[in-house]
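K.L.:
My questions are about this predicted structure, shown below with the sequence.
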Amino acid sequence: MLPICYQFRDESLLQMRNNSTVAVGINFLSVLAGTVIGTWVAVPPTQERQEISSIQPILIGVGIGEIIGLILALIVIWMANKNERSV
């Protein structure tokens, strides 16, 4: 009976480790997308002088980027789970 308990514990710990890795990946993709889009909204590539007159465009861009990053991360997770099921 004891080896079954150890096996169940090990599988649970492995699943928790995988979930935490996915959570960190989602956070990284969201922050990366938010930073890129926030900078692009605040200072567009077509703007000659790179002046930032207000912080609001940066915050709006970061918010949009966070949402896009979250959607991208969820798509990546969905595709990974789809591939695991087919194996």
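P.N.:
Happy to help now that I have it.
K.L.:
Which other helices and strands does the longest helix seen in the chain contact?
P.N.:
Among the elements of type helix in the chain, defined by DSSP state H, the one spanning the most residues is helix 2-42. The contact analysis (3 or more C-beta pairs under 8 Å, 6 or more residues apart in numbering; DSSP states H and E) places helix 2-42 against helix 56-86. For every residue, glycine as well, the C-beta is placed using N, CA and C.
K.L.:
Specify the angle between the helix it packs on and helix 2-42 in degrees.
P.N.:
Relative orientation of helix 56-86 versus helix 2-42 (axes from the mean of the first three to the mean of the last three C-alpha atoms, to 10 degrees): 150 degrees.
K.L.:
Flag every buried residue along helix 56-86.
P.N.:
Of the residues in helix 56-86, those with enough neighbours to count as buried (16 or more other C-beta atoms under 10 Å) are 57-58, 61-62, 65-66, 68-70, 73.
K.L.:
Nearest residue to the middle of the chain?
P.N.:
Against the mean C-alpha coordinate of the chain, by C-alpha atoms, centre = their mean, the closest residue is Ile26 at 2.3 Å.
K.L.:
Could you report the distance from the nearest residue to that residue once chain neighbours are set aside to Val41?
P.N.:
If the residues on either side of it in the chain are set aside, Ile26 comes closest to Ala73, at 3.9 Å by C-beta to C-beta, 6 or more residues apart in numbering. From Ala73 over to Val41 the distance is 20 Å, taken as C-beta to C-beta, to the nearest Å.
K.L.:
ok, Val31 - contacts?
P.N.:
66, 69 (C-beta atoms under 8 Å, 6 or more residues apart in numbering).
K.L.:
quick revisit: is it correct that the residue nearest to the centre of the chain is in contact with Leu74?
P.N.:
Yes - using C-beta atoms under 8 Å, Ile26 and Leu74 qualify as a contacting pair, with a distance of 7.4 Å.
K.L.:
Many thanks, I have nothing further to ask.
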